[in-house]
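**Q** Just need the structure, nothing else, for what follows:
(one chain, ligands or ions: 2)
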Amino acid sequence: MKIGLIGCGRMGGALIEGAITAGLVASSDVLLSSRSKESAQTLADKCGAVVAENNSQVARESDLVLLGCKPYQIIDILNEISAELPGDTCLVSVAAGITLQSMEGASPEGTRIIRAMPNTPSLIGMGATGISKGSHATDADIAIAQKLLGSVGIVLETREDQLDAVTGVSGSGPAYVYTFIEELAAQGVKEGLDADDALQLATQTVIGAARMVEQSPMSPAELRNQVTSPGGTTLAGLKALTDSGFEKSVATGVAAAAARSREIAAES
Ligand SMILES: NC(=O)C1=CN([C@@H]2O[C@H](COP(=O)(O)OP(=O)(O)OC[C@H]3O[C@@H](n4cnc5c(N)ncnc54)[C@H](OP(=O)(O)O)[C@@H]3O)[C@@H](O)[C@H]2O)C=CC1
Ligand SMILES: O=C(O)[C@@H]1CCC=N1
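**A** Numbering: from 1, shown residues only. Ligands and ions are numbered 1, 2, ... in the order given. Here you go, the predicted structure:
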């Protein structure tokens, strides 16, 4: 199978590197194109893939084309490559908010399209992705997309109308977690820790707690209870967090990202 990537940025690059590293595709069977030759060449130097002349060559010569460009570029790129698609190509888009219907409308009749919402921990094989099937895509296409995206993390198939929620939770989620780690460490410094120590402690705490949720049979609420002694420090910390709107902040953050995803869909 030949895989093409149009748009050699962070997300597309991570997915292609993951697929090659996992042995899903040989690097010589991966074709790359980007707006600038430099981006495509930089990725090719890292993973051994081949730089194409342009987007059209990628469309012509690939069995599966991964669209790794920004949401506002997707429809223009589909218009640019449509005439070159051989007819049995499967397209996989990672663009936030760009619906299957709008992509199908800008592609030749019958084009098989999968819409995906990955996240940047895919760069280290720890991604979380939601995927949805377009009206012409087959179960075999979903299986290939599961393998491609599964080479860099977990993949859940969802309804397309759930992808805005996926974006709010896991697509944008890493940024919320980075902010949390930053704040945890910053206050640790104010409480007397050295900056390096505070960042290490905050980071390991988030990794450890996430692993506990993943590996323990207990719910997050039960795990929280285990940390919280009556009259102790955690209770004091949790009360202050709630009083200053922590849960509400997280909820409004997720809702705003999901709403923005719906807004991009309405604009496209
Ligand atoms: N970053 C994230 O956390 C996530 C991003 N996404 C989605 O992934 C997509 C890419 O985002 P991200 O990787 O962050 O962005 P980047 O800016 O890193 O990558 C976008 C790439 O598209 C290329 N590009 C622009 N115009 C064209 C064109 N006309 N033809 C071919 N390539 C083009 C750019 O090329 P060049 O470098 O040569 O200028 C760039 O490399 C977006 O649609 C986003 O919604 C989805 C989930 C998470
Ligand atoms: O911010 C964005 O639009 C992209 C999509 C999800 C994460 N980053």
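**Q** I'd like to check which residues are in contact with whatever residue of the chain ends up closest to ligand 1.
**A** Proximity to ligand 1, evaluated over the chain using CB to the nearest ligand atom, is greatest for Gly9 at 1.7 Å. To be clear about C-beta, it is placed using only N, CA and C from the backbone, and glycine gets the same treatment. If a contact means CB atoms under 8 Å, 6 or more residues apart in numbering, then Gly9 has 34, 39, 68-69 as its contacts.
**Q** So which residues of the stretch 101-250 of the chain form strands?
**A** Listed in chain order, the strands of the stretch 101-250 of the chain (DSSP state E, counting those that start in this stretch) span residues 112-117, 127-133, 153-157.
**Q** now, of these, which is deepest in the fold?
**A** When neighbours are counted by mean count of other CB atoms under 10 Å, the highest per-stretch mean among the strands of the stretch 101-250 of the chain falls to strand 112-117, a mean of 25.
**Q** related to what we said a few turns ago, same list (the contacts of Gly9) but as CSV, adding secondary structure and pLDDT.
**A** Putting the contacts of Gly9 into CSV (DSSP: H, G, I helix; E, B strand; the rest coil; pLDDT from 0 to 100) gives the following:
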residue, secondary structure, pLDDT
Ser34, coil, 96
Ser39, helix, 96
Gly68, coil, 97
Cys69, coil, 97
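**Q** restrict those residues to contacts with ligand 1.
**A** Within the set of these, contact with ligand 1 (CB under 6 Å from any ligand atom) is found for 34, 39, 68-69.
**Q** Please report how far the residue in the stretch 1-150 of the chain positioned nearest to ligand 2 lies from Arg260.
**A** Among the residues of the stretch 1-150 of the chain, Ala96 lies nearest to ligand 2; the distance is 3.7 Å by CB to the nearest ligand atom. Ala96 is 8 Å from Arg260, where distance means CB to CB, to the nearest Å.
**Q** Looking at these two, which is more packed in?
**A** For Ala96 versus Arg260, neighbours defined as other CB atoms under 10 Å are more numerous around Ala96 (21 against 16).
**Q** Which secondary structure state is assigned to that one?
**A** Using DSSP: H, G, I helix; E, B strand; the rest coil as the criterion, the local structure at Ala96 reads coil.
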